[in-house]
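Peer 1: Structure, please.
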Amino acid sequence: MDGGDYSLTLTRNGTNFEYSLLEVEGASGEASIVEVTPDVFSILLNRRSFTVQLVPNGSQLEVWTSGKLHRVTVTDARDRSSKSKKVAAAGPIEIRAQMPGKIIKLLVQPGSPVQAGQGVIVVEAMKMQNEMKSPKDGVVSKIQAAEGQTVLAGETLLVVE
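Peer 2: The predicted structure is shown next:
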């Protein structure tokens, strides 16, 4: 956003979303996000209300809020290769199930060094196998899933530090 790299995690929690912005201390919590018209969202965050308008512009989004323009490029850290720009995140990052599914294969063990973009786990969801990738260089500190286990959306599968 605006030339900086940030890692935003959103997880649905009932009708709200849990969020965390890894690069900003204290930037985590719960928010209500409702699309009021196409590409216009009402966000309730810590009893403060924001209106956000998204305008696609090539490979970027123009994000308008409070009369200010922010230029945002959205990428999925799981799709980045080790040759691409690394996620600039400090501290542990939890890799979570994107939807309900079944763990097909663990590609790493606790203590395994990993590079950004390296496959770490294969999850089957909706009859498709998806290889989830490490969002950063680091070491696998925890594995909280086992092959054959059924997982729910948002469930932590493993942690990379």
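
Peer 1: do you know how far the residue lying farthest from the centre of the chain is from Gln53?
Peer 2: Within the chain, the residue lying farthest from the chain centre (C-alpha atoms, centre = their mean) is Gly67, at 27.0 Å. For Gly67, the distance to Gln53 equals 11 Å [C-beta to C-beta, to the nearest Å]. Quick note: C-beta positions are derived from backbone N, CA and C, even for glycine.

Peer 1: again with Glu25
Peer 2: To Gln53, Glu25 is 28 Å away according to C-beta to C-beta.

Peer 1: Looks like Phe41 contacts Thr51 (just checking).
Peer 2: Yes - taking contacts as C-beta atoms under 8 Å, Phe41 lies within contact range of Thr51: 7.3 Å.

Peer 1: Looking at those two, which is more packed in?
Peer 2: Phe41 (16 against 12; other C-beta atoms under 10 Å).

Peer 1: That one: what's its closest spatial neighbour, skipping adjacent residues?
Peer 2: Once flanking residues are discounted, Phe41 sits nearest to Val52: 4.7 Å by C-beta to C-beta, 6 or more residues apart in numbering.

Peer 1: got a list of what the one you found touches?
Peer 2: By C-beta atoms under 8 Å, 6 or more residues apart in numbering, the contact list for Val52 reads 40-41, 43, 63-65.

Peer 1: from those residues, which is closest to Met128?
Peer 2: Relative to Met128, the closest of the contacts of Val52 is Phe41; by C-beta to C-beta it sits at 29.0 Å.

Peer 1: tell me which element the closest one falls in.
Peer 2: strand 40-45 (DSSP states H and E).

Peer 1: Same question for Thr51.
Peer 2: Using DSSP H and E, Thr51 falls within strand 48-57.
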